[in-house]
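Trainee: With the sequence up front, the predicted model follows.
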Amino acid sequence: MVLYILIIFFTISPFFPATENPHWFFRTADFVRFQSIMLQIILLVTLLYIEEQFTVFIWVLIASLVLSMVYQLFKVVPYSSLYPRKSTEEASDGHVSILAGNVLQTNTEYPKFLQEIRKFNPDLVLTMESNKDWDNGLSAIEKDYTHTVKVPLENFYGMHLYSKVVLQNVQVKYQIEDDKPSIFFDFSFEGQKPIHFCCLHPAPPSPTENETSKERDAELMLTGELIRKIDRPTVVCGDMNDVVWSRTTRLFKKMTGMIDPRVGRGFYSTYNANYFFLRFPLDHLFHTRDLYVGRMERSKNFGSDHFAMYYEIHHKKKTSTPKNPKMNGEEKKDVKELIDEGTSN
């Protein structure tokens, strides 16, 4: 009986996000799809092994479980190495590299993260959850990264940006919540349009944070609307506290036409760094089609509950920024509703 209950639950729960209910309980199934598929396989094998009489009820259980597995695989397979790549290497007329990581505010292993910075030697370093202690802990890199944007906070949403070169049009924005900053800036190439960067870290839907995903969803939609208004190469990166196959992130990619460089490369799960069996891809980078990502690598564990991600972002030679994708009426309505719901609280 317990086995039947488990099968029914893990057959139905993957469809919870499809209800579009923003409460964390309904959104959690999006995060654990890979783990859920593994559990579904175990439940299916167990049922086939122990069941002696295959009644109509048992066959319905098996068929429903298999269909649920197929549904989940359809969601996650594009982000595996089995799928064709979306971001392909082409002739480049300039590139910028960035190491972006949620360092965990309570983590004090600063030398380990400094070692990752030295290893990758990026043009830009972006930290999230960085407070005053992290400000002090990373001060040694400021002799090389002489241009900084610092928003040290003690609420697990601080953010620091370090650059080797001068950045243009730097803005610290609080798009939805007045204690959750984002950093926007332009990185210039000689003779090319500057790349516009949007660095985000919205709060997740969870029992200990925001009860729903409304604020997180609204921040991503507002960023998407901004991207549609500018005609330049653009990168969005950070700890999005969302998985790439969620409805919100898929809508964001549809409205901006941006590419996820993980497609065809692998999951690059960044959280939780401490438990290999409970990891999700929460830290993302998206880019417009006039860019491509060459080298892409996950960092070693540096004491945080997240791994950091390193990207080399290239500007495609003789390629202009594509026009905004067309959106149908239903998609425009969804975007407006998500923004209205997230900004009305």
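Mentor: In hand now; what should we look at? Bear in mind the structure is a predicted one, so any value in this text is a computation, not a measurement.
Trainee: From now on I want contacts and neighbour counts done on CA atoms only, so please keep to that.
Mentor: Fine.
Trainee: Asn169 reaches Phe185, doesn't it?
Mentor: Yes. The pair Asn169 and Phe185 qualifies as a contact (CA atoms under 8 Å) at a distance of 5.3 Å.
Trainee: what residues does the strand or helix carrying Asn169 touch?
Mentor: Per DSSP states H and E: Asn169 is located in strand 168-173. Strand 168-173 is touched from outside by 181-188, with contacts defined as CA atoms under 8 Å, 6 or more residues apart in numbering.
Trainee: after that strand comes which helix or strand?
Mentor: strand 182-187.
Trainee: which helices and strands does that following strand pack with?
Mentor: With contacts defined as 3 or more CA pairs under 8 Å, 6 or more residues apart in numbering; DSSP states H and E, the packing partners of strand 182-187 are strand 168-173, strand 195-200.
Trainee: Go through the ones you listed and name the closest to Glu90.
Mentor: Counting by CA to CA, Glu90 lies closest to strand 195-200 out of the helices and strands packed on strand 182-187; the figure is 17.3 Å.
Trainee: any low-confidence regions in the stretch 151-300 of the chain?
Mentor: Across the stretch 151-300 of the chain, the ranges flagged by pLDDT under 70 are 190-191, 208.
Trainee: Please enumerate the strands of it.
Mentor: Ranges of strands within the stretch 151-300 of the chain are 159-163, 168-173, 182-187, 195-200, 234-239, 283-287, 291-298, based on DSSP state E, counting those that start in this stretch.
Trainee: List the buried residues of whatever helix or strand Ile8 lives in.
Mentor: Assigned by DSSP H and E, Ile8 belongs to helix 2-12. Neighbour counts over helix 2-12 (16 or more other CA atoms under 10 Å) mark 7, 10-11 as buried.
Trainee: and what of stretch 248-262?
Mentor: The neighbour-count check on stretch 248-262 (16+ other CA under 10 Å) flags 248-249, 251-262 as buried.
Trainee: what about it, how long is it end to end?
Mentor: Taking CA to CA, to the nearest Å, stretch 248-262 runs 17 Å from one end to the other.
Trainee: Determine how far that stretch lies from the middle of the whole chain.
Mentor: 11 Å (CA atoms, centre = their mean, to the nearest Å).
Trainee: now Arg289: how far from Tyr110?
Mentor: From Arg289 over to Tyr110 (counting by CA to CA), the distance is 36 Å.
Trainee: Neighbour count: those two, which is higher?
Mentor: Arg289 (21 against 16; other CA atoms under 10 Å).
Trainee: my read: the more buried one touches Thr256, true?
Mentor: No. Contact between Arg289 and Thr256 fails when scored by CA under 8 Å: they sit 9.9 Å apart.
Trainee: partner residues bridging Thr127?
Mentor: Beta-bridge partners for Thr127, by DSSP bridges, are Gly101, His160.
Trainee: residues contacting it?
Mentor: 100-103, 159-161.
Trainee: Looking at those residues, spot the one nearest Leu138.
Mentor: Closest approach to Leu138 among the contacts of Thr127 (CA to CA): His160, at 9.8 Å.
Trainee: Asn328: how many residues sit nearby?
Mentor: Asn328: 9 surrounding residues under other CA under 10 Å.
Trainee: Could you tell me the phi and psi values at it?
Mentor: phi -80, psi 170 (degrees, to the nearest 10).
Trainee: hmm, back to that, now whichever helix or strand comes after the helix holding Ile8: how far from the chain's centre is it?
Mentor: Downstream of helix 2-12, the next assigned helix or strand under DSSP H and E is helix 24-31. Centroid separation for helix 24-31 versus its chain: 15 Å, with CA atoms, centre = their mean.
Trainee: For the following helix or strand past helix 24-31, name the packing helices and strands.
Mentor: Later in the chain than helix 24-31, the nearest helix or strand by DSSP H and E is helix 33-50. If you count contacts as 3+ CA pairs under 8 Å, 6+ apart, helix 33-50 packs onto helix 2-12, helix 56-76.
Trainee: now what about the first one, what contacts it?
Mentor: When contacts are defined by CA under 8 Å, 6+ apart, helix 2-12 is touched by residues 36, 39-40, 43-44, 47, 61, 64-65, 68-69.
Trainee: The last one too?
Mentor: Outside of helix 56-76, the residues that reach it under the criterion CA under 8 Å, 6+ apart are 4, 7-8, 10-12, 14, 33-34, 37, 40, 44, 245.
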